[in-house]
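**Student:** with the input below, show me the fold.
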Amino acid sequence: MHILSIHNSYQIRGGEDECHEAEVKLLREMGHQVDVYEENNDRVTKLSKLNVAAKTVWSDEAYHTVRHMLQQQPCDIVHVQNFFPLISPSVYYAAQAQKVPVVQTLHNYRFLCPNALFFREGNICEDCLGLSVPYPGVLHGCYRNSKVASVGVATMLTVHRLMSTWVKTVDLYIALTEFARQKFIAGGLPADKIVVKPNFVSPEPAIGNGSGGYALFVGRLSVEKGLDTLLKAWEHLGLQIPLKIVGDGPLAHEVVAAVKRHSYIEWLGRRAMSEVHDLMGEAMFLVFPSKWYETFGRVAVEAFAKGTPVIAANIGAVAELIDSGRTGLHFRPGDANDLITQVEWILANPTKLADMRQEARAEFEAKYTAQKNYQRLMEIYTKMQNFGCKY
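**Tutor:** Presented below is the predicted three-dimensional model:
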């Protein structure tokens with residue numbers, strides 16, 4: 001099978017970039033020909049704001065590049081991972097012109113929300129969900145805390161809703177969880193065009209033994225990730241179990257302050273993935289305190305791969321990943337006291353914790369390996385081929 005994979009990567013490498021690279025690598029290892037068209041957001045700094053805004057709505061450059069690629073090397077599938085902001089939905093139309101079916105992976109909520117998070121001022125926000133014109137996102141400056149920048153995103157969403165782009169030019173969408181699928185349906189995407197395929201972890205890490213005697217947080221140091229909840233809980237929990245924090249972000253100063261106050265909190269900053277996996281394997285458990293919906297929760301699955309249970313906020317897609325009492329525990333999002341309760345319970349039940357380690361690894365092997373992902377992806381691609389292109 002011949003696939004064209006399209007992705008707009010971020011200035012600060014994130015989960016979407018890792019997922020795109022892992023999927024391309026997997027397909028090539030399985031014998032498929034994969035061409036890649038990629039933009040990088042480093043280029044944004046070299047363009048005027050007006051130029052970036054225009055490209056967000058429609059990029060002639062991306063349209064002609066993709067159409068030329070398809071003319072030179074006809075493909076079976078065009079798989080778009082992320083088109084925002086430099087590639088734009090114009091690539092759907094390029095594929096349509098060449099009669100190639102399009103699959104779009106929904107890594108975030110950009111189709112429904114200008115800031116892609118459904119999160120504003122520390123709380124869940126669905127003000128733009130289902131609106132043809134997402135004006136609340138503009139009024140609140142939800143994209144990059146800028147009303148001007150938010151106008152560009154809102155314009156892209158409005159124009160392409162009016163053009164019926166999301167319905168007419170994309171043949172199939174891939175949501176990462178059933179929770180995310182339901183949100184996109186609520187936002188107006190056709191239910192019969194959205195399938196679920198989770199992300200995966202590759203190469204597959206060896207199981208750890210959890211002997212490090214610490215709790216672990218891995219992620220962006222930001223409000224939506226629940227960092228305030230985490231630090232508040234460890235004001236009480238620190239004497240019972242130390243906490244290691246991996247990551248960086250806008251709230252790094254709060255972590256630095258917490259480290260100065262408490263010797264049982266350690267900030268490790270950014271670390272290579274291999275080192276992160278080692279830390280996960282030695283951790284007693286991972287804490288995932290997000291306040292926003294998430295679309296998946298790759299860190300939780302990486303913890304499962306190492307046999308490490310996850311204590312997660314009971315919200316959004318990550319709540320779906322955790323089978324509370326089997327592969328981890330849930331706590332009320334934003335509730336530090338409930339997080340404390342769950343941590344104290346797991347510390348008081350070492351036999352149950354050992355069982356959870358086995359179940360976490362079993363969950364990974366059942367759902368999140370490269371082989372399982374490849375099988376599901378081939379089902380999706382084959383479905384597209386069997387139905388043929390409707391244009």
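
**Student:** residues in contact with the strand or helix carrying F304?
**Tutor:** Per DSSP states H and E, F304 falls inside helix 298-305. For helix 298-305, contacts defined as CB atoms under 8 Å, 6 or more residues apart in numbering pick out 15, 18-19, 198-201, 204-205, 207, 216, 218-219, 276-277, 280, 283, 286, 288, 309-310, 312, 318, 321-322, 327-328, 360-361, 363-364, 368. For glycine as for every other residue, the C-beta is placed from the backbone atoms N, C-alpha and C.

**Student:** which neighbours in the sheet does the helix or strand following it have, and how are they oriented?
**Tutor:** Sequence order places strand 310-313 as the next helix or strand after helix 298-305, per DSSP H and E. According to DSSP bridges, strand 310-313 forms sheet pairs with strand 285-288 (parallel), strand 328-331 (parallel).

**Student:** where exactly do the helices run in the stretch 201-350 of the chain?
**Tutor:** 227-237, 252-261, 273-282, 298-305, 316-321, 336-347, 350-367 (DSSP state H, counting those that start in this stretch).

**Student:** show me what the helix or strand containing I185 is packed up against.
**Tutor:** Element membership for I185, per DSSP H and E: helix 178-186. Contacts defined by 3 or more CB pairs under 8 Å, 6 or more residues apart in numbering; DSSP states H and E place helix 178-186 against strand 172-175, strand 194-196, helix 316-321.

**Student:** phi, psi of I3?
**Tutor:** phi -120, psi 140 (degrees, to the nearest 10).

**Student:** count of residues packed around it?
**Tutor:** 22 (other CB atoms under 10 Å).

**Student:** and the helix holding I185, average pLDDT?
**Tutor:** Helix 178-186 shows a mean pLDDT of 97 in the predicted model.

**Student:** could you do stretch 344-354 as well?
**Tutor:** If you average the pLDDT over stretch 344-354, you get 98.

**Student:** got the end-to-end distance for that stretch?
**Tutor:** One end of stretch 344-354 to the other measures 15 Å (CA to CA, to the nearest Å).

**Student:** sorry, back to before: and the helix holding F304, which residues are buried?
**Tutor:** Of all the residues in helix 298-305, those buried under the rule 16 or more other CB atoms under 10 Å are 298-305.

**Student:** how about stretch 61-72?
**Tutor:** 62-63, 65-67, 69-70.

**Student:** okay, and which of the residues you listed map to helices?
**Tutor:** 62-63, 65-67, 69-70 (DSSP state H).

**Student:** just flag the most distant two among these.
**Tutor:** Using CB to CB, these span at most 12.4 Å, a distance reached by A62 and L70.

**Student:** quick one: common contacting residues for those two?
**Tutor:** A94.

**Student:** turn the buried residues of helix 298-305 into JSON lines, including pLDDT and distance to H7.
**Tutor:** Supplementary listing: the buried residues of helix 298-305 in JSON lines, determined by pLDDT from 0 to 100; distance: CB to CB, whole Å:
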{"residue": "R298", "pLDDT": "93", "distance to H7": "16"}
{"residue": "V299", "pLDDT": "96", "distance to H7": "21"}
{"residue": "A300", "pLDDT": "97", "distance to H7": "23"}
{"residue": "V301", "pLDDT": "97", "distance to H7": "20"}
{"residue": "E302", "pLDDT": "97", "distance to H7": "21"}
{"residue": "A303", "pLDDT": "98", "distance to H7": "26"}
{"residue": "F304", "pLDDT": "98", "distance to H7": "25"}
{"residue": "A305", "pLDDT": "98", "distance to H7": "24"}
